[in-house]
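Asks: Quick check, what structure comes out for this input:
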Amino acid sequence: MKTVEEIKAAIEAAVPGAGVEIVPNPSVSGQHSLRLDPATARAVGKFLHDDTELALDFLSNVTGVDWPDKEIAEKVKVTRTVTKTVDGVEQSVEETVDETRKRVEPGCLEAVYHLYSVTRKHGPVVLRMRTVNRTGQVSLPSLTPVWRSAEFQEREVFDLFGIVFEGHPDLRRLLMWDAFTDHPMRRDYVEPDDFDYEPTAHDEVLARAQAHKDAAGQGTEAGQ
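Replies: Numbers count the residues shown, from 1 in each chain. Coordinates of the predicted model:
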């Protein structure tokens, strides 16, 4: 099978402006992946599926990844004016110091696809797509029109992570009920203190509910 670099080059030759990026995997397996531009992802998928040499005709797995917002601390050199006393005389001088500044890198949601060729007996080729963020812009193109086996798996990712797959033929919840409003595989997901099917809390759920109730009571007292 072609190397990931060769596959990237083949994609770029076949799909103008494909915007493919190699994501290296430093582990022993060295299973590098290709991050696709959502705007051209379906065209890239069709090429990978139809190309006679690659013939990636089998999609084995689709999963999701939640990348939360990340706070990054960076050291920068800052020049500032300070007052110093030299020989009994105060004077303003400039000095350069290291200053730590923090910034927040917005998070995103990611869909990961594992492809194989039954015809050529090779694989996997791993594809990735990322949303703009994990709040308001969470859409990605569905690859179900290229690989039909993506249908249920994209539904699962939609259900558990909240990625909206545009062009999916039947995008609806698969594991959670229709009235459920959250996504249980998000890293900031908080389990409820009771459930629709089990409204009476008990055991660990009861302990968590009591802890939340106590914390809410203390907050009310503090605000009085």
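
Asks: rest of the way, CA atoms for contacts and neighbours
Replies: Fine.

Asks: Residue ranges in the chain under the pLDDT threshold?
Replies: 193-202, 216-224 (pLDDT under 70).

Asks: what are the ranges of the helices in it?
Replies: 4-14, 41-50, 150-161, 203-223 (DSSP state H).

Asks: and Thr81, what is it in contact with?
Replies: By Cα atoms under 8 Å, 6 or more residues apart in numbering, the contact set of Thr81 is Ser92, Val93, Glu94, Glu95.

Asks: the strands in this structure, which residues?
Replies: Using DSSP state E, the strands of the chain run over 21-23, 33-35, 58-67, 70-86, 89-105, 108-117, 122-130, 139-141, 164-166.

Asks: okay, the ones you listed in CSV with distance to Lys2 next?
Replies: Converted to CSV, those look like this (distance: least, Cα to Cα, whole Å):
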stretch, distance to Lys2
strand 21-23, 14
strand 33-35, 13
strand 58-67, 17
strand 70-86, 35
strand 89-105, 34
strand 108-117, 12
strand 122-130, 10
strand 139-141, 26
strand 164-166, 29
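
Asks: Among these, which comes closest to Thr3?
Replies: strand 122-130 (9.6 Å; Cα to Cα).

Asks: buried stuff in the closest one?
Replies: Gly123, Pro124, Val125, Val126, Leu127, Arg128, Met129, Arg130 (16 or more other Cα atoms under 10 Å).

Asks: That one pairs with which strands?
Replies: strand 33-35 (parallel), strand 108-117 (antiparallel) (DSSP bridges).

Asks: who's in contact with it?
Replies: 1, 4, 32-38, 56, 108-117, 140.

Asks: Need the nearest residue in space to Glu90, chain neighbours excluded.
Replies: Lys84 (5.5 Å; Cα to Cα, 6 or more residues apart in numbering).

Asks: So which of the helices of the chain is nearest Val65?
Replies: The nearest among the helices of the chain, by Cα to Cα, is helix 150-161 at 7.6 Å.

Asks: Nearest residue to the middle of this protein?
Replies: Leu109 (2.7 Å; Cα atoms, centre = their mean).

Asks: Make a markdown table from the helices of the chain and add distance to Lys77 and mean neighbour count to it.
Replies: Below are the helices of the chain laid out as a markdown table (distance: least, Cα to Cα, whole Å; neighbours: other Cα atoms under 10 Å):
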| stretch | distance to Lys77 | mean neighbour count |
| --- | --- | --- |
| helix 4-14 | 38 | 16 |
| helix 41-50 | 41 | 20 |
| helix 150-161 | 40 | 22 |
| helix 203-223 | 42 | 12 |
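
Asks: Among those helices, which comes closest to Asn61?
Replies: Using Cα to Cα, the helices of the chain put helix 150-161 closest to Asn61, at 7.2 Å.

Asks: Check which helices and strands that closest one sits against.
Replies: strand 58-67, strand 164-166 (3 or more Cα pairs under 8 Å, 6 or more residues apart in numbering; DSSP states H and E).

Asks: Show me what the longest one pairs with in its sheet, parallel or antiparallel.
Replies: If I follow you right, that is strand 58-67. Assessed with DSSP bridges, strand 58-67 is paired to strand 108-117 (antiparallel).

Asks: got the angle between the strand it pairs with and helix 150-161?
Replies: 150 degrees (axes from the mean of the first three to the mean of the last three Cα atoms, to 10 degrees).
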